[in-house]
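[1] dropping the sequence and predicted coords here.
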Amino acid sequence: MLIGLWAFFHHLDMSLMEGSEGLYAQIAREMVAAQRYFALMFHGEPYINKPPMFFWLLGVMREWFGESETALRLPGAIGSLGTMWLTYALGCRLFSRMAGFWAAVVVGTTHVFLWYGRRVLFDSTLTFAMTLAVFAWIRAAMQAGWPGWYVVAFVAMAVGGMIKSIHAFAMPFAIMVIYAFWQRDYRALRSPVFWSGFVMYWLLTGWYASWLPEGMQWQFDIHAAIQRAFGNFSASEASTSRLLRLHWYLSMMWFDFFPWSALIPASTLLLALSPASALRPVSRFLLLWFWGYIAMLSVSLFKREPYLMPLVPALGLMVGYTYQAVAVGLETRRWLAATIRVMLALLALVFGAALFVGPYLLQRKWHVPFPPFPFIYTTAMMVMSLVLFWSAVTARARLALATVGVLAFGFVIGVVDVIWPMLDRFAPRAVNAEVRRIAAQCHRPVFYHGITQEDFIFYLNSSPAIPRLTSKDDVRERLGRHRQILLVTDYRYAKMFAEDHSVIVRILRTFPRPKDRDFYLLSLQLASSKESEEFSGLERKRTADRFLRV
């Protein structure tokens, strides 16, 4: 609980970042303002890409806690903490309390959960719903528990579909059915309660879909969802680019599951070669859960890192079993012990290198000055990296695995207490505050035009909103009215105005953004013919050259 609270609730009030957070926050704002809870809007235009349930959660949090970053992020943070709890409970029931503990630690310290688990995104709450469905199914089918767990499983899948899409049902259900045929265990399929839950799923989703606008109902059309997710595997589709996409997740998981990705090979081998016949059903299910999800995601056309989040509970249980196996000496096979030693030694080297290379890589990605990590933090992490390397090389497996846990918690501190606050200093909220400060000093009206990054738009629209100009004619109309204005815009439009000889353009401030999508605060002034001639010399050339260099 301490690790989860630190990972998902500490510094929850940071600025919204990276587009989608601002998009979903703005949709929730417009939904509450218009009191339209099914027909979602974004800037007055219909939004049909996602169902409304997640936006209801955002609206409830806004009503309870006011419009703030903390309120908007609470659904994701609570969902992430709930996933940790479910993973712990599964680990305890399938293996032991030790395995449950380490499984939960994996969820709270894995990179993809640290980076996306607290965000204003669908994936944290979706992952909780999908994990709850698997938890309930295991309790009913594998552990012969209360049959009502089947209903809980299907209701959880229905809620997941209402949050995002039908794959919240398709992926867990596929794993359940494949497992039943693999094990030749058809008790679940013969249970009337199982099929009652199945019917309840379709009744709930059908009722929900019936309330949605027509353009949004494709989310619950199986054929449309399959066509959109997978396309058709025709000859034209079977290209090199598609084949490359097939293993995108296989390459990304080593980074997104850091630092626990180092234990994926050993965990997979341990479960695949489990000597205990009583453990074989659990081993098969975990392997199917983890690698089956990887396979299903890989054939999908959509590739995004947060989509890996539903795999993390399965990874946590695999790692938890590895810790338990090492504690009782099950890793004594030479080749298996060698796999653990080599991977943990490599992990130690990666941790050590990241302490020095990390700031440089972050600076390149985010285009902001990033100082080295604090000396005390760097020293402590370097010492633990050396301990991990020494214990891995000298075959002290228990010490090595315990050290990985310490380093994982250090990784949480680095992300939450060092990286996030540094990015917050240059995030859209800070940019918005700086724009308003400069506008107040200049005593000039300020507008924005051509901005497409939704996180920044969310803050520009915050009360008192900065007016949006939708076209170049609107900008000229405002210039005709005020003669001189301030304009927030991006590179394309800033360059366009800089090349316009009827306007005098001065760059007041440049705000660096990732992927070369910088913002500019410009001073625009209508120029008479004489002023235009005077300005069109060296100063205009310098301004244009500045944009060309970008």
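    Done, it's in. Keep in mind it's a predicted model, so treat the numbers as computed, not measured. Residues are numbered from 1 along each chain as shown.
[2] can we go C-alpha only for contacts and neighbour counts from here?
    Will do.
[3] the helix or strand that contains R364 - what's its average pLDDT?
    Assigned by DSSP states H and E, R364 belongs to helix 334-366. If you average the pLDDT over helix 334-366, you get 91.
[4] so which elements touch the host helix or strand of V105?
    In the assignment (DSSP H and E), V105 maps to helix 97-109. In terms of contacts (3 or more CA pairs under 8 Å, 6 or more residues apart in numbering; DSSP states H and E), helix 97-109 is packed against helix 2-9, helix 69-94, helix 312-327, helix 397-413.
[5] and the angle from it to helix 69-94?
    160 degrees (axes from the mean of the first three to the mean of the last three CA atoms, to 10 degrees).
[6] for helix 97-109, C-alpha coordinates in PDB please.
    Extracted as PDB, the C-alpha positions of helix 97-109 are listed here (Å, rounded to 0.1, in the frame of the first residue of the first chain):
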ATOM      1  CA  ARG A  97       1.900 -14.400   0.500                       C
ATOM      2  CA  MET A  98       5.500 -13.900  -0.600                       C
ATOM      3  CA  ALA A  99       4.500 -14.300  -4.200                       C
ATOM      4  CA  GLY A 100       1.500 -12.000  -3.700                       C
ATOM      5  CA  PHE A 101       3.700  -9.300  -2.200                       C
ATOM      6  CA  TRP A 102       6.200  -9.300  -5.000                       C
ATOM      7  CA  ALA A 103       3.400  -9.500  -7.600                       C
ATOM      8  CA  ALA A 104       1.900  -6.300  -6.200                       C
ATOM      9  CA  VAL A 105       5.300  -4.700  -6.000                       C
ATOM     10  CA  VAL A 106       5.800  -5.300  -9.700                       C
ATOM     11  CA  VAL A 107       2.500  -3.500 -10.500                       C
ATOM     12  CA  GLY A 108       3.500  -0.500  -8.400                       C
ATOM     13  CA  THR A 109       7.000  -0.200  -9.800                       C
END
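[7] I would like the residues contacting it, please.
    The contact list for helix 97-109, computed with CA atoms under 8 Å, 6 or more residues apart in numbering, reads 3-4, 7-8, 81, 83-85, 87-92, 113-114, 260, 312-313, 315-324, 405, 408-409, 411-412.
[8] ok, stretch 52-61 next?
    Contacts of stretch 52-61 (CA under 8 Å, 6+ apart): 24-25, 27-29, 31-32, 37-38, 40, 71-72, 74-75, 122, 162-164.
[9] in helices only, show me these.
    Here DSSP state H is the test, and the contacts of stretch 52-61 give 24-25, 27-29, 31-32, 71-72, 74-75, 162-163 as lying in helices.
[10] now render the residues you listed as TSV, adding distance to Y249 and neighbour count.
    Converted to TSV, those look like this (distance: CA to CA, whole Å; neighbours: other CA atoms under 10 Å):
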residue	distance to Y249	neighbour count
Y24	25	23
A25	28	27
I27	30	23
A28	31	27
R29	34	21
M31	35	22
V32	37	19
A71	32	21
L72	29	30
L74	28	22
P75	26	23
M162	25	23
I163	23	23
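[11] nearest to F351 among those residues?
    L74 (30.5 Å; CA to CA).
[12] buried ones in stretch 441-451?
    Within stretch 441-451, the residues scored as buried using 16 or more other CA atoms under 10 Å are R444, V446, F447, Y448, H449, G450, I451.
[13] ok, stretch 146-162 next?
    Applying 16+ other CA under 10 Å to stretch 146-162 flags 147-162 as buried.
[14] next one: stretch 110-123
    110-123.
[15] for the spatially most central residue of the chain, which non-adjacent residue is spatially closest?
    Geometric centre of the chain, nearest residue: Y116, 3.3 Å, by CA atoms, centre = their mean. Leaving out its chain neighbours, the residue that sits closest to Y116 by CA to CA, 6 or more residues apart in numbering is P306, at 6.5 Å.
[16] so the one you found, which state does it fall into?
    helix (DSSP: H, G, I helix; E, B strand; the rest coil).
[17] I'd say it and D123 touch.
    Yes - under the criterion of CA atoms under 8 Å, P306 makes contact with D123 at 6.3 Å.
[18] what touches both of these two?
    Common neighbours of P306 and D123 (CA under 8 Å, 6+ apart) are Y116.
[19] count of residues packed around the closest residue to W146 other than its chain neighbours?
    Once flanking residues are discounted, W146 sits nearest to A140: 5.8 Å by CA to CA, 6+ apart. Counted by other CA atoms under 10 Å, the residues lying close to A140 total 21.
[20] and the pLDDT at A140?
    pLDDT for A140: 94.
[21] mind checking how far it is from V151?
    Relative to V151, A140 is positioned 10 Å away (CA to CA, to the nearest Å).
[22] same check, this time on L479
    63 Å.
[23] likewise for A345?
    45 Å.
[24] about what we covered before: could you dump the ones in helices among the contacts of stretch 52-61 to TSV with distance to W248 and pLDDT?
    TSV is the format used below for the ones in helices among the contacts of stretch 52-61 (distance: CA to CA, whole Å; pLDDT from 0 to 100):
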residue	distance to W248	pLDDT
Y24	26	94
A25	29	93
I27	31	94
A28	32	94
R29	35	93
M31	36	94
V32	38	92
A71	34	95
L72	31	95
L74	30	96
P75	29	96
M162	27	93
I163	25	94
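[25] rebuild those as a markdown table, extending it with distance to I466.
    Listed next are the ones in helices among the contacts of stretch 52-61 as a markdown table, based on distance: CA to CA, whole Å:
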| residue | distance to I466 |
| --- | --- |
| Y24 | 19 |
| A25 | 17 |
| I27 | 18 |
| A28 | 19 |
| R29 | 16 |
| M31 | 20 |
| V32 | 20 |
| A71 | 23 |
| L72 | 22 |
| L74 | 27 |
| P75 | 28 |
| M162 | 34 |
| I163 | 32 |
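[26] now for the host helix or strand of W202, which elements pack on it?
    Assessed by DSSP H and E, W202 sits inside helix 192-210. Counting contacts by 3+ CA pairs under 8 Å, 6+ apart, helix 192-210 packs against helix 148-163.
[27] after the helix it packs on, which helix or strand is next?
    helix 167-183.
[28] okay, the next helix or strand after that next one in CSV with CA atoms only?
    Next along the chain after helix 167-183, taking DSSP H and E as the criterion, comes helix 187-190. What follows is helix 187-190, C-alpha atoms only, in CSV (Å, rounded to 0.1, in the frame of the first residue of the first chain):
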residue,chain,number,x,y,z
ARG,A,187,-16.8,-27.2,-15.9
ALA,A,188,-17.1,-23.5,-16.4
LEU,A,189,-18.7,-23.9,-19.9
ARG,A,190,-21.2,-26.4,-18.4
